[in-house]
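Engineer: Fold the following for me, if possible:
(chains A and B)
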Protein chains: 2
Amino acid sequence: MKSDLDALMLAHDVDVLLVNGPAYSNPAMMYLTGGGHITHAELIKKRGEQPVLFCGPMEREEAARTGLPIRLYSEYPIADRMKAANGNAALADALRLKQQLIDVGVTRGRVAIYGVVEAGPLFANLTQVAKMLPELEFTGFVYDPIFDGAMMTKEPAEIERIRQVGKITTEVVGRVADYLTGQRVKDEVLVKPDGQPVTVSDVKSHIDLWLAELGAANPEATIFAIGRDAGVPHSAGTPTDVMRLGQSIVFDIFPCEAGGGYFYDFTRTWSLGYATDEVLSLYEQVHTVYKDLAAGLKPGQPFIEVQRRTNDLFEAMGHNTLRKQSDATEGYIHSVGHGVGLKIHEMPFSGLASGPEDKLVPGSVFTLEPGLYYPSRNMGVRIEDTYATRADGSFEVLVEYPYDLVLPVKK
Amino acid sequence: MKSDLDALMLAHDVDVLLVNGPAYSNPAMMYLTGGGHITHAELIKKRGEQPVLFCGPMEREEAARTGLPIRLYSEYPIADRMKAANGNAALADALRLKQQLIDVGVTRGRVAIYGVVEAGPLFANLTQVAKMLPELEFTGFVYDPIFDGAMMTKEPAEIERIRQVGKITTEVVGRVADYLTGQRVKDEVLVKPDGQPVTVSDVKSHIDLWLAELGAANPEATIFAIGRDAGVPHSAGTPTDVMRLGQSIVFDIFPCEAGGGYFYDFTRTWSLGYATDEVLSLYEQVHTVYKDLAAGLKPGQPFIEVQRRTNDLFEAMGHNTLRKQSDATEGYIHSVGHGVGLKIHEMPFSGLASGPEDKLVPGSVFTLEPGLYYPSRNMGVRIEDTYATRADGSFEVLVEYPYDLVLPVKK
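Structural biologist: Reported below is the predicted structural model:
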């Protein structure tokens, strides 16, 4: 929770958080500001103090809505800085950051860098300011323990926002199912009223439209992958692919609140009209593993234990795994889940990035998504729901949705 | 143009471009890959050579569509790197970047950093790799002359993509006008069929829906600001504000291709039912300046000259400007235009960021957007179109749209 930030800063020897970039599509900035249309800002938070938000005067009204103390860029006149920098515009830019730090009393200590930004300008500014304020040490975390650590335990209001996105997500998935089952079949392929085949592109257009209509955004696109593409976990699908009966379709959809905000993550695997024995068998194995994992979740459990269990189960079924072969491209070849919040992938992690803090503690929101992939046999299967850990240690799927593999089609 | 990159690298003493992050919503990566659903990648381009794209094996199919040479992360097994890093996961991460650079023959020289990414992990990795490969110098540009310089001159196919987004944009603007003029008026406020007032939030919901329907995305949100908000250039508008007659509305819409891509930028100012004398006078002044600027554009002209002309004209009309007072919040308080492409703001710049290269050369696509702002008098006006400079040096508005201030309403 947000109130954990100071303790996490202390535990990781960080005196100051420097968060850069816009207040949208930028998790750390959104977490502290609550979002809003602020296109360019810095936020400086000293340990034990409230963050100070710096932004342009044109965005002062949006900034005021954050409730944070605000300082405007106009307090740092460009003319003065250009003069001090002998006309070097890049140096003048760094001089503003230097003065911002000084103005909030940051001239020494360890400053951790955050924010989704164009890396070049920030790198240039930090390099300059590090020379000007040599008692400051800028640092970054590859695996961030501070924001990610705080964000890992959600407050009830955050979980409800995630559930609302989940309701939109499953409503859209239901509409896609209705759309597909409502089409005619010609030569084993779905066709639209005009006789043209339904394509992946058609399906995705509807998804984007329905998400927008229901108040969600789709910044990371959607996976709608059929046949061989379904066997490649992150293939988004080929836009021109047609909806052929009896092929596995991996439909992985992960929208967020409109304007950038909390995400939801959800996958179903479908086969139109009928399923081949091969696809059905693969599906049943994944579904069996999914149910085993869901039933076996333990409060406070390290997420990596669920990953181990998944590897054990799939290997016992005779599948290859990344644990057995790190460059495997067939079998079970990704991690079993990840946290979901302002980032689509966040703590707790279950795979290679999983550390001792990655546990299924109360307030954690995470996916469970076992899958099996055989591109050489033109098929793949994944089942995914998003779970929350309740305060009492029990688990809940945030939004229920049926697990049918076969979507019936018109005769 | 892309073919300018090598010459620009040489001119700015850069040996290598290191581009980080996803292939969407990330201009430099999109420019070189053409986009696609690649969530995590690095691209290393040595001067005079083709870029090499590094990504995860799960995204190899999407990566293959870029046509670039590809290397997979699975060539850098985590187990080996963790061993070499004595179990330090952050160091193991840096070891991959180090090896990627070595594998494409980059062990010395000046490496410029690009990419919209979470800054902390990249900063951490670069700090580590700089220690491991001391003959490398990492650098960043506050005002990038390389990608921005290349992107500033668009090829005809790029301009056509921008025009297509412009057609969608103005189609949506027309639909918003139809939606507003189709409502009933009650007590000087637009009301929906259910008797509830039309709000900014209602209007924005329709905008997002129509953009999605027409194949565009809205990553940077939309400004729909009425009354006092219209007087604050970057106020996005207050969601609960109602549509009161006779108030200026600044409607600034800047969508991009669905999935992240080329942008368009467009603003009209409206007043519902009628305009007050004060708003009408302000509008006529802005429109006069707009027409003067548009008629006076010269091929090859430094964009900052257009900015000077705008300041001259508005000051002659008696308005304050940022040129006269750098912290002014009333009058003409922003720059007159900016380039538009894979970024919503790019070269050529007309304001503080404008340098000697920021010229209206053939292939440049830019906005012209004079405005006047008086929040203390509850009004603001901006008019904006996106222009392209043709090969013959003439200019064109990419998409035409009427300049009416007053939108009639039902009696």
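Engineer: So is stretch A:232-249 next to chain B?
Structural biologist: Yes. On the criterion Cβ under 8 Å from any Cβ of the partner chain, stretch A:232-249 is in touch with chain B at A:232-236. C-betas here are computed from N, CA, C, even on glycine.
Engineer: In that stretch, which residues are buried?
Structural biologist: Within stretch A:232-249, the residues that count as buried by 16 or more other Cβ atoms under 10 Å in any protein chain shown are A:232-238, A:241-245, A:247-249.
Engineer: now stretch A:45-62
Structural biologist: Of the residues in stretch A:45-62, those buried under the neighbour-count criterion (16+ other Cβ under 10 Å) are A:45-47, A:51-62.
Engineer: Then stretch A:83-101?
Structural biologist: By neighbour count on 16+ other Cβ under 10 Å, the buried set for stretch A:83-101 is A:85, A:89-101.
Engineer: Would you check which pair of those residues lies furthest apart?
Structural biologist: Of all pairs drawn from these, the one with the largest separation by Cβ to Cβ is A:A89 and A:L101; the distance is 19.7 Å.
Engineer: Just give me how far stretch A:36-48 sits from the chain centre.
Structural biologist: Computed by Cα atoms, centre = their mean, to the nearest Å, the chain-centroid distance of stretch A:36-48 equals 21 Å.
Engineer: again, but for stretch A:137-154
Structural biologist: Going by Cα atoms, centre = their mean, where stretch A:137-154 is centred and where its chain is centred differ by 15 Å.
Engineer: hmm, that stretch in reach of chain B?
Structural biologist: Yes. Stretch A:137-154 reaches chain B (Cβ under 8 Å from any Cβ) through A:138-144.
Engineer: Name the nearest residue to the residue of the stretch 301-411 of chain A found nearest chain B, ignoring sequence neighbours.
Structural biologist: When Cβ to the nearest Cβ is the measure, the stretch 301-411 of chain A has its nearest residue to chain B at A:D327, with 3.9 Å between them. With sequence-adjacent residues excluded and distances taken as Cβ to Cβ, 6 or more residues apart in numbering or on different chains, A:D327 is closest to B:S74, at 3.9 Å.
Engineer: surely A:R81 meets A:Q100?
Structural biologist: No. Proximity of A:R81 to A:Q100 does not meet the contact threshold set by Cβ atoms under 8 Å, at 11.5 Å.
Engineer: Other residues contacting the strand or helix carrying A:D385?
Structural biologist: A:D385 is part of strand A:385-389 when elements are defined by DSSP states H and E. Taking Cβ atoms under 8 Å, 6 or more residues apart in numbering or on different chains as the criterion, the residues outside strand A:385-389 that touch it are A:154, A:159, A:162-163, A:166, A:264-266, A:294, A:297, A:299, A:340, A:360-369, A:395-399, A:401.
Engineer: try it again with 6 Å
Structural biologist: Under the criterion Cβ atoms under 6 Å, 6 or more residues apart in numbering or on different chains, residues A:159, A:264-265, A:340, A:360, A:362, A:364-367, A:395-398 lie in contact with strand A:385-389.
Engineer: quick one: which of the buried residues of stretch A:232-249 sit in strands?
Structural biologist: Counting by DSSP state E, the part of the buried residues of stretch A:232-249 found in strands is A:248-249.
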